[in-house]
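Asks: Have a look; sequence and predicted model below, questions after that.
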Number of protein chains: 2
Amino acid sequence: DGGDRHRVVVIGSGFGGLFGTKALRRADVDVTMVAKTTHHLFQPLLYQVATGILSEGEIAPPTREVLASQKNARVILGEVTDIDLEKRLVTSRVLNRETVTPYDSLIVAAGAGQSYFGNDHFSEFAPGMKSIDDALELRGRIFGAFELAELSEDEDEIQRLLTFVVVGAGPTGVEMAGQIAELAHDTLHHDFRSVDTATARVLLLEAGERILPAFPESLSRKAEQALERLGVTVLTGHTVVGVAEGSVAFRTPAGDEEHVAARTAVWAAGVTASPLASMLALAAGADADRVGRISVGPDLTVPGHPEVLALGDMVGVLAPDGTPTPLPGVAPVAMQQGRYAARAIRARLDGRAPDAFRYRDKGNLATIGRSKAVADVKGLHVAGLVAWMLWLVVHLFYLIGFQNRLLVVLRWTISFVTRGRGARLILEPTPPAEPVSSRPPPARAPRSRSSPSSASRS
Amino acid sequence: DGGDRHRVVVIGSGFGGLFGTKALRRADVDVTMVAKTTHHLFQPLLYQVATGILSEGEIAPPTREVLASQKNARVILGEVTDIDLEKRLVTSRVLNRETVTPYDSLIVAAGAGQSYFGNDHFSEFAPGMKSIDDALELRGRIFGAFELAELSEDEDEIQRLLTFVVVGAGPTGVEMAGQIAELAHDTLHHDFRSVDTATARVLLLEAGERILPAFPESLSRKAEQALERLGVTVLTGHTVVGVAEGSVAFRTPAGDEEHVAARTAVWAAGVTASPLASMLALAAGADADRVGRISVGPDLTVPGHPEVLALGDMVGVLAPDGTPTPLPGVAPVAMQQGRYAARAIRARLDGRAPDAFRYRDKGNLATIGRSKAVADVKGLHVAGLVAWMLWLVVHLFYLIGFQNRLLVVLRWTISFVTRGRGARLILEPTPPAEPVSSRPPPARAPRSRSSPSSASRS
């Protein structure tokens, strides 16, 4: 543990940062991971937290616990506010505390956030699905909408409360829509007395011409059929143009503008690179693309800085001829790039030049609901139960921690058998704070406050 | 399900309200439970959520799921704002929606909140331990304090961050202090690199002359010894007189005023009855005691209103001669009173007068840490492993839901074997929002913002 060891700083605790750090386990370096959350988030299962299948801790183990036995790694909490490429310093901040960490090699893996395509004001009424706090917020909104519907006697209001709009039909949007439909038609059906939860409508709005555009067309079609059978209304070619309280406006394929009254909306439509990408691009004089990703070389280095590697959702990788290499924004890309970055740093320390990064596409999976999924594995297209079992195995395999795997298997088994949701707690505010409507509240019986034995809370 | 059935309204989803509702399962009545949360909270295990052993959903099942198969029961969400004893109406509110529910019989079981003995401003710096949101807030503060200590190089600041004060040595205070000590000395010890978590101090401040005052003296002494062995400093006869940011002031037994620098404080010192107790007392012309509890008759009825029963932590029960019956504020009392209220309502419907409520004291249990507990069961005093196993069995037995029991057994087993904490996620704000100190931040290396390749986030 000498002071002269090569110092690697890793920014981010996502798939890229974590796999990069772990791959440096046996390297003769000191690694410092700087991250703005204390956990590693297994994002592919985030929709299961938002819909009450899993509890948040099960997909978000503490990073420092994951790395506890890796003696050459330390973890510090902080949001990076500055990267000084000249002096090789990373500045991070938590509360009013600033920490400056020097590096010899730097891995920047800060990921991406939700993009509202310039309409950030949509986010209040249609939260994204990027963090644990997003998922818990949505969980409260989804289950809270049913609670409010149970209290209402106004048919229009009940319909608005029981209309759920999911914007964007990538894997997350498809999974959310499928789960909400299952909740309404199955899980919650026997829990309510006044309202018939099965009358809920789930709309999946997609601007493109088909859902799951990263999959082959035949699988998109099968996934769409499976969603429709679950009770989801799939509307492709529909572009959302406005989200306000209780309403989502969209343009139809015919070019008309319409809107639907909906209390709950979920935004799963677009991503934008971490602000660190453009910060880094500006500092290094590198390019950034339309969604804010910094362009890095075939070896993931930032132009002019062989000691700085950037990877994952915040970068666009250039081929040796300078043309962009299209890579999907999925976990396997970040994992492989994280491991590659560790290899590249070790090669440089040994005086070797690393080969260019090459993505090994192991396939593409998306699940739709109870025992339905689609899989595209090396050209083999599978839909249905087999794909679903493959999905289960792959996700369990990459989940971090023995305890979490055990708990998740247990929860999945019980959810499958009982059709229940074991983690559907609504946290404060209960339910979401914005008012539902300005109509006069429905009354079940005449009210009286003037009676002598009536007491009002002060 | 005719409209002429006897209508019972139950206020509260705690032990009293839930057990009362369930005991009416076979009665020829319609039950409406009105509660301000959508879950039933198993409060005796709340400290395990605050310290990362359990996830919140495991001790807080959705009330409507618990009651789904009870056909004569419905659940509505809302905070009760008015009880009209004359017209027999309960008014509840959620957001801007008001609901008025008529009753023929009413069970009020709204419980108690944390009391700061007139010093409510303490609550900002020393949260209570009454709700799931309290527990998650404390979880973030406790684990967040270690994160901040890891970043600091100022010895005074580190000591303040690693000092935890628990106020009040009832079962909750004892359990919290024991758990925080275990976290510091055991669980977190290998996760941190800069800070030695074992240097943390846990102070348990108790105004009374011994801890666990509801237990026999010999068990208090044994519990105190067990806590000291875990590394807790037990200070009895110490009255907290002030809580501010980073500091707790107290009066020593000698009458001196002292203070300790502590970033994290937990308030487990006092309870105050739900505001509904005094509202009801005012409306019925009944007495309320020092902690706001309404005085009810031996049959738990509110004076002059045989159709209204109040129970649990919000009431004081009077003996037939009008003297107060002292009952502890524990779950078994509320459970038995809830069941009694159901029996009393059925008796009244049959034209019989119910016997007076009689509490069957089955014993008293408190756990201190890994395999240590104290038990006082019908005069039999047990300390150590046997008491701890009894504690485990009793708590599992009363936990609601098969899935939760299974998950809790699994988490307990893994925590016991690995000494880990599976649910220690820090939610936003990360960590708690109030600033830690106004000192200049420690720097690990010279900072620079003027370098040409330095980029600052806008």
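Replies: The structure has been received and is ready for your questions. Numbering: from 1, shown residues only, chains lettered A, B, ... in the order given.

Asks: And for A:Pro303, the neighbour number?
Replies: Using other Cβ atoms under 10 Å in any protein chain shown, A:Pro303 has 16 other residues around it. Heads up, the C-betas are built off the backbone N, CA and C, glycines and all.

Asks: ah, wrong one, I meant A:Ala310
Replies: There are 34 residues near A:Ala310, going by other Cβ under 10 Å.

Asks: Who are the contact partners of it?
Replies: A:Ala310 makes contact with A:107-109, A:277, A:280, A:294, A:296, A:300, A:302, according to Cβ atoms under 8 Å, 6 or more residues apart in numbering or on different chains.

Asks: one more time with 6 Å, if that's ok
Replies: A:108, A:294, A:296, A:302 (Cβ atoms under 6 Å, 6 or more residues apart in numbering or on different chains).

Asks: what's the answer for A:Glu56, then?
Replies: For A:Glu56, the contacting residues are A:49, A:132, B:425, by Cβ under 6 Å, 6+ apart.

Asks: The last one contacts A:Pro61, doesn't it?
Replies: No - between B:Leu425 and A:Pro61 there is no contact, the gap being 8.5 Å when judged by Cβ atoms under 6 Å.

Asks: Which element, helix or strand, includes the residue most central in space within chain A?
Replies: In chain A, the centroid-proximal residue (Cα atoms, centre = their mean) is A:Lys130; its distance is 3.5 Å. Taking DSSP states H and E as the definition, A:Lys130 sits outside all helices and strands.

Asks: How about it: what's its closest non-neighbour residue?
Replies: A:Gln114 (5.1 Å; Cβ to Cβ, 6 or more residues apart in numbering or on different chains).

Asks: List the beta-bridge partners for that neighbour.
Replies: Per DSSP bridges, the residues bridged to A:Gln114 are A:Val271.

Asks: Count the residues that sit near it.
Replies: Counted with other Cβ under 10 Å, A:Gln114 comes out at 21.

Asks: What of the one 5 residues further on?
Replies: For A:Asn119, the tally of surrounding residues (other Cβ under 10 Å) stands at 14.

Asks: what's the pLDDT at A:Lys378?
Replies: For A:Lys378, the pLDDT comes out at 87.

Asks: Find the nearest non-adjacent residue to it, please.
Replies: Using Cβ to Cβ, 6+ apart, the nearest residue to A:Lys378 is A:Gly363, at 6.2 Å.

Asks: Please report how far that neighbour lies from chain B.
Replies: 30 Å (Cβ to the nearest Cβ, to the nearest Å).

Asks: That residue is in contact with A:Leu380, isn't it?
Replies: No - with contact defined as Cβ under 6 Å, A:Gly363 does not reach A:Leu380; the gap is 8.1 Å.

Asks: More neighbours: the two, which one.
Replies: A:Gly363 (14 against 8).

Asks: Can you give me the distance of that one to B:Val382?
Replies: 58 Å (Cβ to Cβ, to the nearest Å).

Asks: ok, and A:Val240, which helix or strand is that part of?
Replies: Using DSSP H and E, A:Val240 falls in strand A:239-244.

Asks: what packs against that strand?
Replies: strand A:247-251 (3 or more Cβ pairs under 6 Å, 6 or more residues apart in numbering or on different chains; DSSP states H and E).

Asks: Now name the helix or strand holding the residue in the stretch 301-450 of chain A that chain B sits nearest to.
Replies: Minimum separation of the stretch 301-450 of chain A from chain B (Cβ to the nearest Cβ) falls at A:Ala423, amounting to 3.9 Å. Assigned by DSSP H and E, A:Ala423 belongs to neither a helix nor a strand.

Asks: ok, it - contacts?
Replies: A:52, A:54-55, B:57.

Asks: So which of these is the closest to A:Arg251?
Replies: Checking the contacts of A:Ala423 against A:Arg251 with Cβ to Cβ, the nearest one is A:Gly52 at 32.8 Å.

Asks: residues near the closest one, how many?
Replies: 25.

Asks: Please identify the nearest residue in space to A:Lys36, excluding sequence neighbours.
Replies: Per Cβ to Cβ, 6+ apart, closest to A:Lys36 is A:Glu79, 4.2 Å.

Asks: swap that for A:Ala23, please
Replies: Using Cβ to Cβ, 6+ apart, the closest residue to A:Ala23 is A:Ala342 (3.4 Å).

Asks: Surely the one you found is in contact with A:Arg26?
Replies: No - in this structure, A:Ala342 is not within contact of A:Arg26 by Cβ under 6 Å, at 9.8 Å.

Asks: coming back round to it: including pLDDT, distance to A:Pro332 and neighbour count, could the contacts of A:Ala310 go into CSV?
Replies: As requested, the contacts of A:Ala310 are arranged in CSV below (pLDDT from 0 to 100; distance: Cβ to Cβ, whole Å; neighbours: other Cβ atoms under 10 Å in any protein chain shown):
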residue, pLDDT, distance to A:Pro332, neighbour count
A:Val108, 98, 19, 31
A:Ile294, 97, 21, 26
A:Val296, 97, 18, 29
A:Val302, 97, 23, 25
